[in-house]
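Engineer: My questions are about this predicted structure, shown below with the sequence.
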Amino acid sequence: MDMDCDDTLATSGETKTRVGFLQTSPAIGALEKNIRQIEDLLEGQRAELWVLPEFALTGYDFVDVAEARQYAEEAPGGKSTSWLQSLAEKHNATFVMGLPEIFSGRLFNTAVAVGPKGFIGRYRKLHLFDREKELFEPGDEWLQVFDVGGVKIGMMICFDWIFPETARTLALRGAQIICHSANLVLSYCQKAMFARSVENGVFTVTANRIGTETHAGRSLVFTGGSQILTPQGETLAQAGTDTVEAHVVEINPEAALQKNVTPTNHLFHDRRTAFYGLE
Ligand code: ACM
């Protein structure tokens, strides 16, 4: 499942890499405005890996399939991924971002990873949240890990957090950093991501949005609180609940290769899968 991409997360002899998130407030359908907010937030910032929210350019709560289709793009090949590549070139960084994807007429809630040398990979959300089930098909591709300059990243999207299998699968496949693009509305995800980090020994970067989206008579309030957690569950960065913010921290991704919690307890090897008796 691993994909080798000789791209920019490279630490070239260093052990540290800078990872960041943008917490934004996209307005539904206002792509130019949403792009400008992201570009402004990135000014003067430096990181090798950036995580942006789910549906960061389009807004979230589409009224129906026709509206979702109107904003959906091919990934790779659409305008959003080309724009992300120009951003990646300008900032010499890898970007992960969510977008509505169209593929052979089918709609998916997708996250993409794009670096200066181009498209790295995509993830189609497996666990759709609430009304998303009316608009999108659940993902039909494997959870993959992408090697970005020697560091393995995995992607998950928002509500995937409540299915521990998502992060576990990525971690078992070798992900050191889980890039979690989100439009969170339930209040407890940020706390739950502590467990996803600790039980898998991985860094997690949750990039959430803020604001109230009122569209076609419905209103959703997004919870902000974007965060970066270590494999031990320490909070390295935490955004406010209602502020547009960029945060960058320096991490050593190799810390996520160490899966022993005591000298005799290993997160993966100590699992008793023969006795779980379940798929
Ligand atoms: C969500 O999965 N966007 C709540």
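Structural biologist: Nice, I can see it. Residues are numbered from 1 along each chain as shown.

Engineer: Relative to the whole chain's centre, how far out is the strand or helix carrying Ala246?
Structural biologist: Using DSSP states H and E, the element containing Ala246 is strand 245-251. Here the centre of strand 245-251 is set off from its chain's centre by 15 Å, with Cα atoms, centre = their mean, to the nearest Å.

Engineer: Averaged pLDDT, it. What do you get?
Structural biologist: In this model, strand 245-251 has an average pLDDT of 98.

Engineer: So which other helices or strands are in contact with it?
Structural biologist: When contacts are defined as 3 or more Cβ pairs under 8 Å, 6 or more residues apart in numbering; DSSP states H and E, strand 245-251 packs onto strand 17-23, helix 31-42, strand 227-229, strand 235-238. For every residue, glycine as well, the C-beta is placed using N, CA and C.

Engineer: In space, what's closest to Val249 - neighbours in sequence excluded?
Structural biologist: Counting by Cβ to Cβ, 6 or more residues apart in numbering, Leu236 is the residue found nearest to Val249 once chain neighbours are left out, at 4.3 Å.

Engineer: Find me the pLDDT at Asp2, would you?
Structural biologist: With respect to pLDDT, Asp2 has a value of 41.

Engineer: okay, and the helix or strand of this protein with the least pLDDT?
Structural biologist: For the chain, scoring each helix and strand by mean pLDDT, DSSP states H and E identifies strand 3-5 as the least confident one, at a mean of 42.

Engineer: quick one: Ile38 and Leu52 touch, right?
Structural biologist: Yes - under the criterion of Cβ atoms under 8 Å, Ile38 makes contact with Leu52 at 6.6 Å.

Engineer: So the two - more neighbours on which side?
Structural biologist: Leu52 (30 against 23; other Cβ atoms under 10 Å).

Engineer: Can you check what pLDDT the model gives that one?
Structural biologist: The model reports Leu52 with a pLDDT of 99.

Engineer: same check, this time on Leu278
Structural biologist: 82.

Engineer: Helices along the stretch 51-200 of the chain, start to end?
Structural biologist: Using DSSP state H, counting those that start in this stretch, the helices of the stretch 51-200 of the chain run over 65-71, 79-91, 132-135, 164-172, 189-200.

Engineer: measure Leu170 to Leu229 for me?
Structural biologist: Computed as Cβ to Cβ, to the nearest Å, the Leu170 to Leu229 distance reads 14 Å.

Engineer: For these two, indicate the residue with more neighbours.
Structural biologist: When Leu170 and Leu229 are compared for neighbours, Leu170 comes out ahead with 29 against 25, by other Cβ under 10 Å.
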